[in-house]
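Engineer: show me how the following folds:
(one chain, ligands or ions: 2)
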Amino acid sequence: MQDLIALVGCEDYDEREVEERVTRAFDLLGGVENVVGRGQSAFVKVNAVMAVAPETGIVTNPRVTAAVIRQLKKVTDAVVVGDSPGGPYNRTLLRRVYEKTGVADVARETGAELAYGTGTVEVSLPEGKALKRITLCREMVEADRLISVSKFKTHRYLNLTGPIKNLYGCVPGLTKFVYHSRFEKPREFADLVVDVHLASGASFHLVDAVEVIDGDGSKRGDKKRMGVIAAGDNAFALEALLVRLAGLRASDSRVLSAAVERGICPEGVDWPSVLGEETEQFVMSGFRLPEKTTFGERIPASVTGHLSRAFNAIPLPLAGKCTACGTCAEVCPRGAIALKSGLARVDRSRCIRCFCCSELCEFQAIGLRKPLLARLARRPTI
Ligand code: SF4
Ligand code: SF4
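Structural biologist: Ligands and ions are numbered 1, 2, ... in the order given. As a prediction, this is how the structure comes out:
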């Protein structure tokens, strides 16, 4: 089923509707036997990036995950489900995230095993552009089949996140942020995400785009209905289709652009062969990308670095919302956040504007301090 994408409409997260639509997606691609062999082990890698309720739209909806697992269970009992969330890779965090995101309920309901293995393995990727050896979660990459069940939404740093970026979650816990600190520019980070995706060896991808998030990323964006479940064996093709359904161009997805430049996939968003329903009926209008946080991207870093305050937005922890939980300080790849007097404070000189802090703050307590130029531009002239 090379590059073939199954596209099915799905109105909402009604259990029966989701079950039917996921089944149809598998059927369009020739059935579950094309996804996993009889008796093979399968790891279902969801997006459970943080401990939030499914209703937020930030994580894969558990009904979608459960429907995928029920398909897999037709041919194998060896199904494990889980993720490596942002934060320390340990059982305590995993348990909290699984309970809150509904992954634990899915495991109870379907009989799948919850992933608590915290072992890691180094994977060699000679064709890697950012890294040629990558540390990944052992349990995920050593399964016979790694199945990705992702969420489509905006991302402050990469513009969009979906089937390709979901596999970045194969990097264990805080190692994600260590890697991030080495690849500061969005384009470099996009190359790293593509590398991790390739190294993961994921063989099947289904995306939950029933509800998507547009605007300013997971925590500050808005939930919208795209009404789609799509699946296939090529995450780049799947991402290209989703970008098209969002009414965007390939260049709007930093990871897709990186993959195009590396010759991993064709240019544009019209190349996947789509089975199932007509794409045009799902194309959204008014899908908003995140607000720009860097101005003067074409100006040399030596200039923008000195004038950082003028060109770059930075995260702004909000007094009254910040609970001083410390998560942002823990995940910041540059150690740019410290807790002072009950409030997180950002050291502008260290911040690389990756917005991991904002993405992972469970209290939506991180706003955006706009760059001086943007603030001046909005000031009325007299
Ligand atoms: S900004 Fe958010 S993550 Fe950081 S300390 Fe405050 S509440 Fe916690
Ligand atoms: S302060 Fe936030 S945006 Fe800045 S480097 Fe740290 S995590 Fe990234």
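Engineer: does V121 belong to a helix or a strand, and which?
Structural biologist: According to DSSP states H and E, V121 maps onto strand 120-124.
Engineer: burial count for the residue lying closest to D347 once chain neighbours are set aside?
Structural biologist: With CB to CB, 6 or more residues apart in numbering as the measure, A336 is the residue that lies nearest to D347, at 4.7 Å, once sequence neighbours are left out. All C-beta atoms are positioned from the backbone trio N, CA, C, and that covers glycine. Here the neighbour count serves as a burial measure; for A336 (other CB atoms under 10 Å) it reads 22.
Engineer: ok, now N34?
Structural biologist: Neighbours around N34, by other CB under 10 Å: 12.
Engineer: and it, backbone torsions?
Structural biologist: Per-residue torsions, N34: phi -80, psi -10 (degrees, to the nearest 10).
Engineer: now do K370
Structural biologist: K370 has phi and psi values of phi -70, psi 150 when expressed as degrees, to the nearest 10.
Engineer: what does the pLDDT read for S302?
Structural biologist: At S302, the model reports a pLDDT of 51.
Engineer: likewise for P380?
Structural biologist: At P380, the pLDDT value in this model is 48.
Engineer: going forward, the N-terminal residue is numbered 27.
Structural biologist: That works, and once the first residue is 27, the last one we named lands at P406.
Engineer: thought V372 was touching the residue nearest to D373, still the case?
Structural biologist: Yes: in this structure A362 lies within contact range of V372 using CB atoms under 8 Å: 5.7 Å.
Engineer: about what we covered before: residues contacting the residue nearest to D373?
Structural biologist: Contact partners of A362, counting by CB atoms under 8 Å, 6 or more residues apart in numbering, are V372, D373, R374, R376, C377, I378.
Engineer: same thing but 7 Å
Structural biologist: Contacts of A362 were listed using CB atoms under 7 Å, 6 or more residues apart in numbering, and they are V372, D373, R376, C377.
Engineer: for it, give its distance to L394.
Structural biologist: When CB to CB, to the nearest Å is applied, the distance between A362 and L394 equals 15 Å.
Engineer: swap in R314?
Structural biologist: In this structure, R314 and L394 are separated by 15 Å, where distance is defined by CB to CB.
Engineer: is stretch 177-184 anywhere near ligand 2?
Structural biologist: No: with CB under 6 Å from any ligand atom as the criterion, ligand 2 is not reached by stretch 177-184; the gap is at least 8.3 Å.
Engineer: that stretch: which residues count as buried?
Structural biologist: When burial is assessed from 16 or more other CB atoms under 10 Å, stretch 177-184 yields the following buried residues: K177, F178, K179, T180, H181, R182, Y183, L184.
Engineer: what pLDDT is listed against the third one?
Structural biologist: If I follow you right, that is K179. Looking at K179, its pLDDT is 96.
Engineer: and it, that's in a strand?
Structural biologist: Yes: the assignment for K179 by DSSP: H, G, I helix; E, B strand; the rest coil puts it in a strand.
Engineer: pull the CA atoms of stretch 379-386 into PDB?
Structural biologist: As requested, the backbone C-alpha atoms of stretch 379-386 are provided in PDB (Å, rounded to 0.1, in the frame of the first residue of the first chain):
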ATOM      1  CA  ARG A 379      12.200  30.200  21.700                       C
ATOM      2  CA  CYS A 380      11.400  26.500  21.200                       C
ATOM      3  CA  PHE A 381       8.200  27.000  23.400                       C
ATOM      4  CA  CYS A 382       8.500  23.600  25.000                       C
ATOM      5  CA  CYS A 383       7.700  25.300  28.200                       C
ATOM      6  CA  SER A 384       4.500  26.700  26.900                       C
ATOM      7  CA  GLU A 385       3.500  23.400  25.200                       C
ATOM      8  CA  LEU A 386       4.000  21.400  28.500                       C
END
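Engineer: quick one, helices of the stretch 77-226 of the chain?
Structural biologist: In the stretch 77-226 of the chain, the helices defined using DSSP state H, counting those that start in this stretch lie at 88-98, 117-127, 129-136, 164-167, 201-208, 212-226.
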